[in-house]
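Colleague: Give me a 3D structure for the following:
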Amino acid sequence: MAIQERGATVGAAVWWPYEVHRCGRQALALPVVAALLAYAAGSADSATGLLLGRSVLSCALPAAAALACAAVVARERMPELHLSLPTRYARTVARRLCWPAAVTASAAIVLVAALAATGRRALDDPLVLLWELTGLTSLLSGGAVWATARSGSAAPAAGLVTALVLAKLLLLDRVVSGAAQALPALLAGILLTVRALRALDPGRAGEPPRTPTTEGPRT
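Modeller: The predicted structure is shown next:
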């Protein structure tokens with residue numbers, strides 16, 4: 001039993017760094033850069049800067065997390081090899097998505113804590129802001145993963161993220177508060193992520209698996 005546990009520990013120590021490498025640097029760097037940008041925007045003091053700062057503060061990190069998740073799904077160049085392995089490809093993708101999700105969660109907590117500690121005007125309630133970031137991140141990331149899994153490219157995911165952010169800033173924020181948007185966005189994001197992983201699962205509904213690729217059409 002002790003030998004098996006030690007073997008599992010050693011395997012995980014080798015396995016998880018490999019998964020981080022497969023995610024790519026952008027999957028881990030994008031949320032951090034977005035958090036720094038959001039902090040800088042949230043530090044504005046003027047009325048115009050405060051309005052822009054709140055918009056960037058609420059959307060920069062979720063949008064960056066969504067693009068990072070789309071990059072993870074689209075990064076695999078030979079997904080056909082995964083289909084021959086005992087572990088399902090959808091499970092592999094889900095495991096890799098844990099990394100940008102963890103980095104985003106850490107960046108969001110540090111961002112909100114830093115704004116609260118410095119008493120920035122753009123921050124009304126730390127817990128409300130964290131709840132809003134959670135809901136929007138779930139929606140944008142779920143939509144990006146779903147678009148990438150269905151189309152086989154990260155380009156539609158970028159367009160979908162842009163459209164959702166504009167819809168939030170120009171339409172939803174005018175009639176519904178960010179806190180009220182969080183729960184529906186969270187649930188919608190979870191649903192889209194589940195549907196995306198099912199689309200990557202081979203043999204469902206008698207259809208061939210949709211495996212993302214970054215390669216262009218062959219001539």
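
Colleague: Quick check: which element contains residue 35?
Modeller: If you go by DSSP states H and E, residue 35 is part of helix 25-42.

Colleague: Show me what counts as buried in that helix.
Modeller: For helix 25-42, a neighbour-count test (16 or more other CB atoms under 10 Å) marks 26-28, 30-32, 34-39, 41-42 as buried. (Glycine included, C-beta is placed from N, CA and C.)

Colleague: and what of stretch 185-201?
Modeller: Buried, per 16+ other CB under 10 Å, within stretch 185-201: 185-186, 189, 192-193, 196-197, 199-201.

Colleague: Residues touching it, excluding its own?
Modeller: The list of residues contacting stretch 185-201 from outside it, by CB atoms under 8 Å, 6 or more residues apart in numbering, reads 73, 88-90, 93-94, 97, 134-143, 145-146, 148-150, 204, 209-211.

Colleague: need the next SSE after the helix or strand harbouring residue 96, C-terminal direction.
Modeller: Per DSSP H and E, residue 96 falls inside helix 89-118. Next along the chain after helix 89-118, taking DSSP H and E as the criterion, comes helix 126-151.

Colleague: as a whole number, average confidence for that following helix?
Modeller: In this model, helix 126-151 has a mean pLDDT of 93.

Colleague: what helices or strands is that helix leaning on?
Modeller: Here helix 126-151 touches helix 47-75, helix 89-118, helix 155-167, helix 178-200, going by 3 or more CB pairs under 8 Å, 6 or more residues apart in numbering; DSSP states H and E.

Colleague: Pull the residues that contact stretch 110-130.
Modeller: 35, 38-39, 41-45, 50, 53-54, 57-58, 61, 108-109, 133, 178-179.

Colleague: For that stretch, C-alpha coordinates in PDB please.
Modeller: Extracted C-alpha coordinates of stretch 110-130, given in PDB (Å, rounded to 0.1, in the frame of the first residue of the first chain):
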ATOM      1  CA  VAL A 110      -5.500  39.200  -4.800                       C
ATOM      2  CA  LEU A 111      -7.000  41.900  -7.000                       C
ATOM      3  CA  VAL A 112     -10.000  42.500  -4.700                       C
ATOM      4  CA  ALA A 113      -7.800  42.300  -1.600                       C
ATOM      5  CA  ALA A 114      -5.400  44.900  -3.000                       C
ATOM      6  CA  LEU A 115      -8.200  47.300  -4.000                       C
ATOM      7  CA  ALA A 116      -9.800  46.900  -0.600                       C
ATOM      8  CA  ALA A 117      -6.500  47.500   1.200                       C
ATOM      9  CA  THR A 118      -5.800  50.700  -0.700                       C
ATOM     10  CA  GLY A 119      -9.400  52.000  -0.400                       C
ATOM     11  CA  ARG A 120      -9.900  52.600  -4.100                       C
ATOM     12  CA  ARG A 121     -13.100  54.400  -5.100                       C
ATOM     13  CA  ALA A 122     -13.900  51.900  -7.800                       C
ATOM     14  CA  LEU A 123     -14.500  49.300  -5.200                       C
ATOM     15  CA  ASP A 124     -17.900  49.500  -3.400                       C
ATOM     16  CA  ASP A 125     -18.000  46.000  -1.700                       C
ATOM     17  CA  PRO A 126     -15.200  43.500  -2.100                       C
ATOM     18  CA  LEU A 127     -17.500  40.500  -1.800                       C
ATOM     19  CA  VAL A 128     -19.900  41.800  -4.400                       C
ATOM     20  CA  LEU A 129     -17.100  42.500  -6.800                       C
ATOM     21  CA  LEU A 130     -15.700  39.000  -6.200                       C
END
